[in-house]
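1. Provide a 3D model corresponding to the input given below.
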Amino acid sequence: MPEITIPTEPIGSIPRPQNLIDAMSRWNRGEITREAVDAIARAATSDTIRRFEASGSPVITDGEQTKPSFATYSVHGAANIEPDGIVIPFEDGHTRQLPRLTAGPFRYVTYAAEYLSAAKTQTRLPVKQAVISASALSLIYPKGGIPGYSREQFLADLVSEAEEDIRRCLQSGASAVQIDFTEGRLALKLDPSGHLLKQFIDLNNLVLSRFTDEEKSKIGVHSCPGGDRDATHSAAVDYTKLLPQLFELDVTNFYLQMASEPDRPRVLKMVRDLLRPHQRVFVGVIDPINAEVESPEKVCARVVEAAEFIPVAQLGATDDCGFAPFLDDTSTARDLAFAKITARVQGAALAAGRLMA
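-> Numbers count the residues shown, from 1 in each chain. The predicted structure follows:
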């Protein structure tokens, strides 16, 4: 019998140290130089990578230490955006606000490959890279339109830029490129008819259609109900309303929030029915917004449970969400995040042994 392994990967973000949060805020206000921020950011990234290596994680990220947020890194600092875009309410009452595009053409200021290249100089481990979805960025175009720059022109530019973001990561040696699609369930919250979600799926598939099957073998999508300051924006939306359309995305890997799901068997059964032979599902076995550190045994039990529905050869383990998708999220301590990551790595190995027995 061949040896069973359970691939395990993080989602991406790790809580930033306070001195980095303070430095980036001061730089945005023009109080310190970019060089001063970069020195602090390099130290934070180096510490993050060392901790990932110590956890035993076979695949790591840079913890998104220098991203202002997972959603807006690509347009942060652009001259043609204003901060007063769509407001996203979270279930505890706090909100996040997307920027608003004011003029065309739409172009990225920063491509994610810049973060990837910096991280790869500091480790020999495989490094995956998260990128924001085209559908999330589509929300920055104002409802009232932009004179001389139609929505159709914007979407054409957006698809090209999203393609370039992914392509540069692949060319820079990413072990995997993960498209963050946390707005999937949010789309159903905003529009229960599913029309908005279909628009999102179609837009992302336009981007994916520009890649070969070989390239798509390294591309995946992450779905969760949002996670920020220990709250979500759409956990109340029934997961099974999302999954049929989510699995229409032409990717190989799916990173699915599952640890915090109240009825995992029901959801896993649907995943089993939707999964195609060339795809892999990384089930969430760690809940980042729960202060409890899961034991390796609990992680193992969650993986074994998933294996009752998903073929082991198509199964992986991950975290439900990033630990700090936004720069200023300090609701989870760095030590706690890495304790949870270590438990995931150990629990996945334990599950592999039990599934082999």
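
2. doesn't residue 242 make contact with residue 197?
-> Yes - with contacts counted by Cβ atoms under 8 Å, residue 197 reaches residue 242, the gap being 7.1 Å. (C-beta placed from N, C-alpha, C; glycine too.)

3. Overlap of the contact sets of these two?
-> Jointly contacting residue 197 and residue 242 under the rule Cβ atoms under 8 Å, 6 or more residues apart in numbering are 184, 188.

4. Can you list the strands that the strand ranked longest in the chain pairs with?
-> The longest strand of the chain (DSSP state E) is strand 280-286. Partners of strand 280-286 in the sheet, by DSSP bridges, are strand 253-256 (parallel), strand 315-319 (parallel).

5. all helices of the stretch 51-200 of the chain, in order?
-> Assigned by DSSP state H, counting those that start in this stretch, the stretch 51-200 of the chain shows helices spanning 113-120, 134-137, 151-171, 183-190, 195-208.

6. Kindly apply the preceding question to the stretch 251-357 of the chain instead.
-> Taking DSSP H, counting those that start in this stretch as the criterion, the stretch 251-357 of the chain contains helices spanning 264-274, 296-307, 334-356.

7. so can I have TSV of those showing mean pLDDT, mean neighbour count and distance to residue 59?
-> TSV is the format used below for the helices of the stretch 251-357 of the chain (pLDDT from 0 to 100; neighbours: other Cβ atoms under 10 Å; distance: least, Cβ to Cβ, whole Å):
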stretch	mean pLDDT	mean neighbour count	distance to residue 59
helix 264-274	97	16	21
helix 296-307	98	20	16
helix 334-356	96	20	10
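
8. What's the mean pLDDT across the longest strand of the chain?
-> Strand 280-286 shows a mean pLDDT of 98.

9. And stretch 206-217, by the same measure?
-> 97.

10. Between the two ends of that stretch, how far is it?
-> 17 Å (Cα to Cα, to the nearest Å).

11. Stretch 272-291: which residues count as buried?
-> Neighbour-count burial for stretch 272-291, counted by 16 or more other Cβ atoms under 10 Å, picks out 274-275, 280-289.

12. quick one: which of the helices of the stretch 51-200 of the chain is nearest residue 348?
-> The closest of those to residue 348 is helix 113-120. By Cβ to Cβ, the value is 22.2 Å.

13. how about the closest one: buried residues?
-> Applying 16+ other Cβ under 10 Å to helix 113-120 flags 113, 115-120 as buried.

14. try stretch 311-322
-> Buried positions in stretch 311-322, judged by neighbour count with 16+ other Cβ under 10 Å: 312, 314-322.

15. try stretch 169-188
-> 169-170, 172, 174-188.

16. in the protein, which ranges drop under the pLDDT threshold?
-> For the chain, the stretches flagged by pLDDT under 70 are 1-2.

17. picking that back up, could you dump the strands paired with strand 280-286 to CSV with distance to residue 32?
-> As requested, the strands paired with strand 280-286 are exported to CSV (distance: least, Cβ to Cβ, whole Å):
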stretch, distance to residue 32
strand 253-256, 36
strand 315-319, 33
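
18. So for residue 48, which of the ones you listed sits nearest?
-> strand 315-319 (14.7 Å).

19. can you state the direction angle for the closest one and helix 296-307?
-> 130 degrees (axes from the mean of the first three to the mean of the last three Cα atoms, to 10 degrees).

20. okay, the angle between strand 315-319 and helix 334-356?
-> 160 degrees.

21. Correct me if wrong: residue 351 contacts residue 8.
-> No - if you go by Cβ under 8 Å, residue 351 and residue 8 don't touch, sitting 9.6 Å apart.

22. shared neighbours, the two?
-> Residues touching both residue 351 and residue 8 by Cβ under 8 Å, 6+ apart: residue 317.

23. gap between the spatially closest residue to residue 220 that is not a sequence neighbour and residue 42?
-> Once flanking residues are discounted, residue 220 sits nearest to residue 253: 2.8 Å by Cβ to Cβ, 6 or more residues apart in numbering. Residue 253 sits 30 Å away from residue 42, going by Cβ to Cβ, to the nearest Å.

24. who's more crowded, those two?
-> Higher neighbour count among residue 253 and residue 42: residue 253, with 25 against 14, using other Cβ atoms under 10 Å.
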